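Enquirer: Fold the following for me, if possible:
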Amino acid sequence: MAAATNTLTNSGPDDGERAGAEIVYGNEDCQKHSLELLEEMGFPRGVLPLKDLVECGRVRATGFVWMKQKAASKHYFEKSKTLVSYGEEVTAYVEKHRMKRMNGVKSKQVLLWVTISEMIIEDPARRKICFRTPLGLGKTFPITAFMTDEEEKKFLESKPESESASESGEEENNMTTTTTADHDQPQKIEQPLNN
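Expert: Residues are numbered from 1 along each chain as shown. This next block holds a predicted model:
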């Protein structure tokens, strides 16, 4: 079945940052669209496990994307031991190995829900993914913590055995990262988190 895709070509008063967007409707087509976007940007397929999607859109000219669910949802990532909440709508600006200015994503840290505003793979060779707050504080995990089982199996099979053992283990670098207010040009100061 062909994807139900509509393209906005005119910019009305309500279009704003969505003007000129490619929009897909329905859970099946939205799931496919979302996975293709994650793969294109270099992210693992399991990093945004959204449920019951009703609409997804992308403005290629600006990198703005959105994904609407029927209702907010939560997901527990076993490998990173993290509970994440996804609002009814998740938005971001995307580029290769980076989603910035994210809205609609929160992570439970101890007793608080912390807003996630950016996810980035700073050095793809290190195979690490970092999630940052609007203040620039972040947490880094092995990229395999957010891969689907099929994706992880293929990934680990393609690596030398010595690398596979360390990659599939616990979080290797549990660091707090402080950056400047300009998230596009980070100045990092890294310190181990006190757990």
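Enquirer: can you map out the helices along the chain?
Expert: Along the chain, the stretches classed as helices by DSSP state H are 27-41, 149-157, 161-167.
Enquirer: Buried deepest among these, which one?
Expert: Comparing those by mean neighbour count (mean count of other CB atoms under 10 Å), helix 27-41 ranks first with a mean of 17. Where you see a C-beta, it was placed from the backbone N, CA and C, and this is true even at glycine.
Enquirer: List of residues touching that helix?
Expert: Residues from elsewhere that reach helix 27-41 (CB atoms under 8 Å, 6 or more residues apart in numbering): 3-5, 24, 44-45, 47-48, 50, 52-56, 58, 65, 67, 94-99.
Enquirer: which ones among those residues are found in strands?
Expert: Among those, the members falling in strands (DSSP state E) are 5, 24, 53-56, 58, 65, 67, 94-95, 98-99.
Enquirer: Lowest-confidence member of those residues, which is it?
Expert: Among those, Thr5 has the lowest pLDDT, at 55.
Enquirer: and Lys96, what pLDDT?
Expert: pLDDT, Lys96: 95.
Enquirer: check contacts around it.
Expert: Lys96 makes contact with 41-42 under the criterion CB under 8 Å, 6+ apart.
Enquirer: Drop the exposed ones from the contacts of helix 27-41 and show what's left.
Expert: Buried residues within those, counting neighbours by 16 or more other CB atoms under 10 Å: 24, 44-45, 47-48, 50, 53, 55-56, 58, 65, 67, 94, 98-99.
Enquirer: What is the neighbour count of Gly20?
Expert: When neighbours are defined as other CB atoms under 10 Å, Gly20 has 17 of them.
Enquirer: Quickly note the distance from it to Met41.
Expert: 19 Å (CB to CB, to the nearest Å).
Enquirer: roughly how far apart are Arg18 and Phe131?
Expert: For Arg18, the distance to Phe131 - CB to CB - is 25 Å.
Enquirer: Comparing the two, which shows the higher neighbour count?
Expert: Using other CB under 10 Å as the criterion, Arg18 and Phe131 rank with Phe131 on top: 25 against 19.
Enquirer: That one and Gln109 touch, don't they?
Expert: No - the criterion here is CB atoms under 8 Å, and Phe131 misses it with Gln109 at 10.5 Å.
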